[in-house]
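Student: Just to be clear, the model below is a prediction. Sequence and coordinates:
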Amino acid sequence: MAEISRRNVLGGVAMGGLLWNTAALSTESQQPPYGPAPAPLDGPELPSFRYPLGAQKTEQFNGGTAKEANVTGFPVSEKLAGVYMTLEPGALRELHWHANAAEWAYVIEGNCRVTTIDPAGQWEIVDFGPGDIWYFPRGHGHSIQGLGPGTCTFLLVFDNGYFSEFGTFSISDWVGHTPPEVLAKTFGVPATTFADFPKKEVYINTGPVPPPLPLQPAPDSQNAPPLTHRYRLRAAKPEDFAGGTERKASSSEFPISTTMTGALLVIKPGGVREPHWHPHAAEWQYYLKGSARMTVFGSHGRALTDEFGVGDVGYVPQGYGHYIENTGSDELHLLAVFNNGTYEAISLTGWMAANPDLLLATNFKVPQATFANFPKGPVVIAEQG
């Protein structure tokens, strides 16, 4: 951590801006002339949309670990970034905030306690377990502490691909770089009070496991915001399809999550999340269980297929067609997170069902009878044929 400075992080973001091709449309570019595309997508071939997050070096801290996926190592993932983090019982991801991204998270295993404060001075303290998600709007202060028993493992996703978990705003870093005289005036205590405070960012530190939250909070002990930061995604009733299930948490189900939507998909062996696209959001994926194959269609004859396993991250740019196949003998479990609080998708089956068979026959130059047994609406997750 000592080697990662704020200047290094901001410099990386500035260099990241060079990923954009601001020159006029080149002869090699496959993009239309209404604006430049990010450099990884602006060529005759598509790049890989897979990032092996599980195989990356893990940063070790006192009581926890972290590793991240952003444009530094995964340049195509311009709109979303992610962090895989663990906390031991009592370990605290210290009080901090993110200036350039909202935070969405999914608890994979274990239990943790989260504190938040918003600009209105309202706060919330909530415990989370496996399958729960949280959302913090950009700039909201928060902390995360492991409760035990065992390790708490969770995935953080941010609605900015240039985000870095190691370039955030931490309370110890700020207090440690504020003169004691200023702190004394601010808190109304002697300047010597701060003599033993850390002089650099703590990031993660260990302490006792906090006691259980009271079932009946004492009067005047809370100032809760109108919208909770917790949603029990795995406990929600899923949408059932022939080839699997899907649970979604958009702003409709989880009102505070105004800039991001999350989904938990389970695809049966041999099943496929049918070809589709998202008109107004990029998609960031994390593969929790099983094995998969995803193909992304990028227009003008460009398509690319990647194989995915547990711990891999996938990414689909906004508007790009794609589908996901379960290639294993077990269920495929994956998280999909979108940088928009409203969920939108258009499926290939639904699109074709919305058009007359005669029009489809003309489009594909085949007999009209070809489409007699096609689905009459979206399939979404198809079963093995």
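Tutor: That came through, no problem. Numbers count the residues shown, from 1 in each chain.
Student: now residue 138, nearest residue through space, not along the chain?
Tutor: residue 102 (4.7 Å; CB to CB, 6 or more residues apart in numbering). Glycine gets a C-beta too; all of them are placed from N, C-alpha and C.
Student: ok, that neighbour - contacts?
Tutor: 135, 136, 137, 138, 158, 159, 259, 260 (CB atoms under 8 Å, 6 or more residues apart in numbering).
Student: Could you rerun that using 6 Å?
Tutor: The contact partners of residue 102, by CB atoms under 6 Å, 6 or more residues apart in numbering, come to 137, 138, 159, 259.
Student: so which pair among those residues is furthest apart in space?
Tutor: 137 and 159 (10.2 Å; CB to CB).
Student: Which one of the contacts of residue 102 is nearest to residue 344?
Tutor: Of the contacts of residue 102, the one sitting nearest to residue 344 (CB to CB) turns out to be residue 259, at 14.2 Å.
Student: correct me, but the closest one touches residue 158?
Tutor: No. Using CB atoms under 6 Å, residue 259 is not in contact with residue 158; the gap is 10.2 Å.
Student: if you count what's nearby, which of those two comes out ahead?
Tutor: residue 158 (30 against 19; other CB atoms under 10 Å).
Student: from what I can see that one touches residue 81, true?
Tutor: Yes. If you go by CB under 6 Å, residue 158 and residue 81 touch, sitting 4.8 Å apart.
Student: any idea which element residue 172 lies in?
Tutor: Assigning secondary structure by DSSP states H and E places residue 172 in helix 171-176.
Student: cool, and residue 286?
Tutor: strand 283-289.
Student: Give me the contacts around that strand.
Tutor: Contacts of strand 283-289 (CB under 6 Å, 6+ apart): 80, 155, 157, 308, 310, 312-316, 333-338.
Student: Tell me where the stretch 1-150 of the chain has strands.
Tutor: 50-51, 59-61, 64-69, 81-87, 92-97, 103-109, 112-117, 123-128, 132-136, 141-146 (DSSP state E, counting those that start in this stretch).
Student: Include distance to residue 282 and mean pLDDT when you put those strands into a markdown table, please.
Tutor: Shown next, in a markdown table, are those (distance: least, CB to CB, whole Å; pLDDT from 0 to 100):
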| stretch | distance to residue 282 | mean pLDDT |
| --- | --- | --- |
| strand 50-51 | 14 | 98 |
| strand 59-61 | 26 | 96 |
| strand 64-69 | 14 | 97 |
| strand 81-87 | 11 | 98 |
| strand 92-97 | 23 | 98 |
| strand 103-109 | 13 | 98 |
| strand 112-117 | 26 | 98 |
| strand 123-128 | 26 | 97 |
| strand 132-136 | 17 | 98 |
| strand 141-146 | 24 | 98 |
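Student: Turn the ones you listed into CSV, columns for distance to residue 276 and mean neighbour count.
Tutor: Putting those into CSV (distance: least, CB to CB, whole Å; neighbours: other CB atoms under 10 Å) gives the following:
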stretch, distance to residue 276, mean neighbour count
strand 50-51, 19, 22
strand 59-61, 36, 16
strand 64-69, 23, 20
strand 81-87, 22, 25
strand 92-97, 35, 21
strand 103-109, 21, 22
strand 112-117, 33, 21
strand 123-128, 30, 17
strand 132-136, 23, 25
strand 141-146, 33, 23
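Student: Adding distance to residue 174, write those out as TSV.
Tutor: What follows is those, written out as TSV (distance: least, CB to CB, whole Å):
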stretch	distance to residue 174
strand 50-51	32
strand 59-61	19
strand 64-69	20
strand 81-87	21
strand 92-97	9
strand 103-109	18
strand 112-117	15
strand 123-128	18
strand 132-136	18
strand 141-146	11
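Student: Out of these, which is closest to residue 297?
Tutor: strand 50-51 (15.7 Å).
Student: got the buried residues for the helix or strand following the helix holding residue 172?
Tutor: Of the helices and strands lying after helix 171-176 in sequence (DSSP H and E), the nearest is helix 180-187. Residues residue 183 are the ones in helix 180-187 that count as buried (16 or more other CB atoms under 10 Å).
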